[in-house]
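**Student:** Let's see this in three dimensions:
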Amino acid sequence: MRASLPPLVEPAAELTRDEVSRYSRHLIIPDLGADGQKRLKNARVLVIGAGGLGSPTLLYLAAAGVGTIGIVEFDVVDASNLQRQIIHGQSDVGRSKALSARDSITELNPLVNVVLHEVRLEPANAVELFGGYDLILDGTDNFATRYLVNDAAVLAGKPYVWGSIYRFAGQVSVFWEDAPDGRGLNYRDLYPEPPPPGTVPSCAEGGVLGILCASIASVMGTEAIKLITGIGDSLLGRLMIYDALDMTYRTIAIRKDPAAPAITGLVDYEAFCGVVSDAAAEAAADSAVTPQELRAMLDSGRRVALIDVREAVEWDINHIEGAQLIPKSTIDAGDGLARVPHDRTPVLYCKTGVRSAEVLAAVKNAGFADALHLQGGIVAWARQLEPDMVMY
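**Tutor:** Modelled structure (predicted):
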């Protein structure tokens with residue numbers, strides 16, 4: 001086992017009678033004890049997002065006695081969140097996630113000071129925000145924010161715990177550019193560049209097993225407690241990979257990339273990561289139709305082949321009447337293209353328009369010069385034309 005990192009936080013002066021009673025099961029652990037609990041009391045931890053990973057992490061950090069917990073969250077609670085975002089309840093649907101999370105934390109442990117940052121994390125505010133905390137926890141679900149958190153943490157000199165989830169799998173690591181003993185590294189040493197746009201579906205598109213969030217978040221919270229108190233061997237320099245179906249945990253080493261350029265400032269992370277590929281953006285530039293335009297095309301009797309490029313499990317939830325299912329995965333593999341009709345104008349749609357734009361480029365490249373795609377996908381269609389449609 002490698003040597004533990006020094007504790008991040010100095011201990012508070014004392015624990016109150018109520019704190020001794022509440023945290024007694026911590027106090028009788030020799031490695032943690034009163035000193036570790038006092039460090040937790042003095043700690044300031046910032047959690048990015050009160051979603052799938054943020055929810056259980058926030059609850060357990062609060063239960064553990066972290067003195068100040070900051071929450072960066074600007075979204076509202078949706079019914080689809082409740083399958084995994086356990087800090088919220090049915091009565092919170094439509095409420096601010098930040099306020100809902102604060103109420104749950106206060107009910108669990110009123111000794112914790114909760115600081116809300118109901119803003120979108122951006123290059124303009126990230127470094128200053130991070131400067132007010134000892135440790136950052138990032139459980140966000142998009143690459144643009146992950147790279148922003150990493151670069152801002154480097155510039156602010158802060159360590160952070162990172163986690164990600166997708167379907168039945170998850171990953172966790174610790175990054176800290178300024179770590180002692182030459183152990184410093186950051187997220188770009190693991191992932192120097194984001195994946196090509198359109199190649200990695202989000203949880204909203206690909207799904208996630210709700211209880212997986214608890215598995216990954218518990219590791220993230222454990223790493224936070226270890227860093228704050230200076231106990232154990234952290235995941236700094238290691239990537240933990242969890243497969244819920246195989247029920248396996250494994251770790252791989254992460255090493256500093258000597259070729260990686262120094263992080264000296266923040267950039268436009270949406271542009272850096274891209275939403276769609278250049279080919280998709282070019283193909284969609286003059287080949288997108290709105291829901292109203294598509295409705296008019298269908299009503300006019302124009303020969304249109306309406307093609308749903310989502311997966312079969314999504315089709316089973318909802319689809320536009322008259323559409324044909326040709327999943328993007330089959331088009332990427334090659335055999336799906338043969339199913340695209342040649343005698344009609346192909347109009348592609350997915351959930352939000354990202355996947356259909358990628359497929360549009362492939363379809364046009366295959367000779368369907370008049371192909372179109374639905375801007376905003378079936379979400380926009382339902383919102384504007386079929387508000388009673390079941391949505392996921």
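**Student:** The residue most central in space within the chain: helix or strand, and which one exactly?
**Tutor:** If you average the C-alpha coordinates of the chain and look for the closest C-alpha using CA atoms, centre = their mean, you land on Asp141, 1.3 Å from that point. Counting by DSSP states H and E, Asp141 is held by no secondary-structure element, helix or strand.
**Student:** where does the stretch 101-250 of the chain have low pLDDT?
**Tutor:** Residues of the stretch 101-250 of the chain that meet the criterion pLDDT under 70 lie in 198.
**Student:** need the strands for it, in chain order.
**Tutor:** If you assign secondary structure with DSSP state E, counting those that start in this stretch, the strands in the stretch 101-250 of the chain sit at 113-117, 135-138, 160-166, 169-175, 238-243, 248-253.
**Student:** Which other helices and strands does the first one contact?
**Tutor:** Going back to what we said before, that points to strand 113-117. In terms of contacts (3 or more CB pairs under 8 Å, 6 or more residues apart in numbering; DSSP states H and E), strand 113-117 is packed against strand 68-72, helix 97-108. C-beta: built from backbone N, CA, C; applies to glycine.
**Student:** Using CSV, write out the CA atom coordinates for the first one.
**Tutor:** Extracted C-alpha coordinates of strand 68-72, given in CSV (Å, rounded to 0.1, in the frame of the first residue of the first chain):
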residue,chain,number,x,y,z
THR,A,68,-20.0,22.8,5.0
ILE,A,69,-21.4,21.4,1.8
GLY,A,70,-21.8,23.5,-1.3
ILE,A,71,-24.1,22.4,-4.1
VAL,A,72,-23.9,23.7,-7.6
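**Student:** still on that earlier bit, to Gly36, which of the strands of the stretch 101-250 of the chain lies closest?
**Tutor:** Distances from Gly36 to each of those were compared by CB to CB, and the smallest falls on strand 135-138, at 14.6 Å.
**Student:** And the contacts of that closest one?
**Tutor:** 8, 43-49, 54, 57, 130, 145-146, 149, 153, 158-163, 220-221, 224, 227-228 (CB atoms under 8 Å, 6 or more residues apart in numbering).
**Student:** picking up where we left off before, nearest to Gln83, of the strands of the stretch 101-250 of the chain?
**Tutor:** For Gln83, the closest of the strands of the stretch 101-250 of the chain is strand 160-166, at 12.6 Å, according to CB to CB.
**Student:** Name the surrounding residues that touch stretch 49-56.
**Tutor:** 47-48, 58, 71-73, 75, 81, 84-88, 97-98, 100-101, 137-141, 163, 165, 203, 208, 210, 213-214, 216-218, 220-221.
**Student:** And that stretch, end to end?
**Tutor:** Stretch 49-56 stretches 11 Å from its first residue to its last (CA to CA, to the nearest Å).
**Student:** got it, and stretch 178-196?
**Tutor:** Its first and final residues considered, stretch 178-196 spans 29 Å by CA to CA.
**Student:** Please spell out which residue in this structure sits farthest from the middle.
**Tutor:** Computed with CA atoms, centre = their mean, the maximum C-alpha offset from the centroid of the chain is found at Gly301, amounting to 42.5 Å.
**Student:** quick revisit: packed most tightly, which of the strands of the stretch 101-250 of the chain would that be?
**Tutor:** When you average the neighbours per residue for each of the strands of the stretch 101-250 of the chain (mean count of other CB atoms under 10 Å), strand 135-138 leads with a mean of 26.
**Student:** who does that strand pair up with?
**Tutor:** According to DSSP bridges, strand 135-138 has the following sheet partners: strand 44-48 (parallel), strand 160-166 (parallel).
**Student:** now what about the shortest one, what contacts it?
**Tutor:** The reference is to strand 44-48. For strand 44-48, contacts defined as CB under 8 Å, 6+ apart pick out 54, 57-58, 61, 66-72, 117, 121, 129-130, 132-140, 145, 149, 224, 228.
**Student:** so the residue nearest to the centre of the chain sits right up against Cys203, yeah?
**Tutor:** Yes: taking CB atoms under 8 Å as the definition, Asp141 is a contact partner of Cys203 at 5.4 Å.
**Student:** which residues do the two both contact?
**Tutor:** Taking CB under 8 Å, 6+ apart as the contact criterion, the residues that touch both Asp141 and Cys203 are Gly52, Ile165.
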